[in-house]
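# Model the following, please.
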Amino acid sequence: MRVLIIEDEQRAASQLQRMLHTCGFEFQLLGIIDTVEDAVQWFQENTPPDLAFMDIQLADGLSFEIFQKTEVSAPIIFTTAFDQYAIQAFKVNSVDYLLKPIQKDDLSAALDKFTKSSTPATLTPSVLQQLLGSLQVTSKREGLLVKEGSGFVQIKISELLYCYSEDSITFGVTAGKRFIIDETIDELFGSLDQNAFYRINRGQIVAKTSIQKIDPYFNHRVKLSVANPRDQEFIVSRPKTAEFKEWMNR
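I've put the predicted structure just below:
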């Protein structure tokens with residue numbers, strides 16, 4: 001079985017490969033792709049895989065944008081950190097998906113459904129629009145549980161200035177403190193109000209209210225000055241720069 005993984009977190013991609021082996025699924029890995037842009041190019045230049053796993057939130061946008069830019073004839077199993085309410089369209093249209101963190105039993109069930117199905121689920125234009133619409137629902141999450149000492153405390157989402165990933169650990173920064181968050185950047189961003197927070201690159205999420213200045217940066221990127229930057233640089237990745245500017249104008 002020829003498998004393609006589209007996932008922007010290396011740890012998640014590696015974990016998925018291990019779980020596939022644990023499930024006894026024999027496959028040839030064609031590659032791991034972490035952006036919409038690279039995925040579009042891959043599908044345009046290669047024979048479709050027998051099965052593709054797609055994270056919904058990639059470094060430069062939603063993976064659904066791939067279907068808007070090129071033809072994808074391969075069956076897809078989506079992986080997502082979005083909650084049940086935001087992905088009702090999956091159930092209605094029988095598109096396979098796995099909630100993160102992926103559980104072995106759920107993966108086994110999805111693989112079993114895929115191997116037994118004579119007509120694998122595909123994305124039609126109408127289904128794609130429903131999915132895009134369902135994921136634009138504004139998150140109502142107000143609190144965030146973070147580690148403090150040997151225990152946990154809850155902080156308000158509105159207090160977050162930015163979040164970043166370092167050595168596979170997710171940190172959240174407020175005006176006064178830095179906290180460890182027991183979620184991946186992908187999981188965290190999927191639960192935030194995307195009108196208030198923007199994922200500027202693979203490892204950083206910035207609150208709009210924390211951005212103080214935007215300066216040009218080389219290779220057609222921009223660099224942000226934010227409140228309480230600590231030792232971080234905030235550079236918007238090139239594929240996301242235009243979208244970021246549009247987001248700032250909302």
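# CA atoms for contacts and neighbours, from now on please.
Noted.
# Got the domain ranges for the protein?
2-134, 143-248 (automatic domain parsing).
# Now tell me which of the ones you listed the model trusts least on average.
For these, the bottom mean pLDDT is recorded on domain 2-134, which sits at a mean of 83.
# what's the offset of that domain from the middle of its chain?
Taking the mean of its C-alpha atoms, domain 2-134 sits 12 Å from the chain's own mean (C-alpha atoms, centre = their mean, to the nearest Å).
# still on that earlier bit, columns mean neighbour count on top of the domains of the chain, output as CSV?
Shown next, in CSV, are the domains of the chain (neighbours: other C-alpha atoms under 10 Å):
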stretch, mean neighbour count
domain 2-134, 17
domain 143-248, 17
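# Show residues contacting stretch 209-218.
Here stretch 209-218 makes contact (C-alpha atoms under 8 Å, 6 or more residues apart in numbering) with Leu161, Tyr162, Ala196, Val222, Lys223, Leu224, Ser225, Val226, Ala227, Ile235.
# what's the span of stretch 217-230 from first residue to last?
20 Å (C-alpha to C-alpha, to the nearest Å).
# can you pull the contacts of the most centrally placed residue in the chain?
Residue closest to the mean C-alpha point of the chain, counted by C-alpha atoms, centre = their mean, is Gln57 at 2.4 Å. Residues in contact with Gln57 (C-alpha under 8 Å, 6+ apart) are Ser63, Thr80, Asp186, Gly190.
# So which of those is the closest to Pro239?
Ser63 (13.5 Å; C-alpha to C-alpha).
# check contacts around that closest one.
So Ser63 contacts Val36, Met54, Asp55, Ile56, Gln57 (C-alpha under 8 Å, 6+ apart).
# could I get the contacts of Gln57 as TSV with secondary structure and distance to Leu128?
TSV is the format used below for those (DSSP: H, G, I helix; E, B strand; the rest coil; distance: C-alpha to C-alpha, whole Å):
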residue	secondary structure	distance to Leu128
Ser63	coil	11
Thr80	strand	15
Asp186	helix	21
Gly190	helix	18
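# A helix includes Ser108, no?
Yes. Under DSSP: H, G, I helix; E, B strand; the rest coil, Ser108 sits within a helix.
# From Pro75, how far out is it?
Counting by C-alpha to C-alpha - Ser108 and Pro75 are separated by 16 Å.
# now swap in Val222 and tell me
In this view, Val222 and Pro75 are 37 Å apart by C-alpha to C-alpha.
# again, but for Gln194
28 Å.
# Of the contacts of stretch 209-218, which is the nearest to Lys104?
Closest to Lys104 out of those is Tyr162 (32.2 Å), distances taken as C-alpha to C-alpha.
# Wait, that closest one touches Val173, no?
Yes. Using C-alpha atoms under 8 Å, Tyr162 makes contact with Val173 at a distance of 5.6 Å.
# circling back: kindly present the contacts of stretch 209-218 as CSV, with separate columns for distance to Thr70 and secondary structure.
Formatted as CSV, those follow (distance: C-alpha to C-alpha, whole Å; DSSP: H, G, I helix; E, B strand; the rest coil):
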residue, distance to Thr70, secondary structure
Leu161, 36, coil
Tyr162, 33, strand
Ala196, 30, coil
Val222, 28, strand
Lys223, 31, strand
Leu224, 32, strand
Ser225, 36, strand
Val226, 36, strand
Ala227, 39, coil
Ile235, 28, strand
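# Now Ser158. Nearest residue, chain neighbours left out?
Sequence neighbours aside, Glu142 is the residue nearest to Ser158 in space, at 7.3 Å (criterion: C-alpha to C-alpha, 6 or more residues apart in numbering).
# what residues are up against the one you found?
Lys156, Ile157, Ser158.
# beta partners of the first one?
Spelled out, that is Lys156. Gly143 (DSSP bridges).
# Please tell me I have it right and it contacts Leu144.
Yes. Assessed by C-alpha under 8 Å, Lys156 is found in contact with Leu144 at 6.2 Å.
# Which parts of this structure are helices?
Remark: helices assigned in the chain by DSSP state H are 10-22, 36-45, 64-69, 88-93, 104-116, 125-134, 185-190, 241-248.
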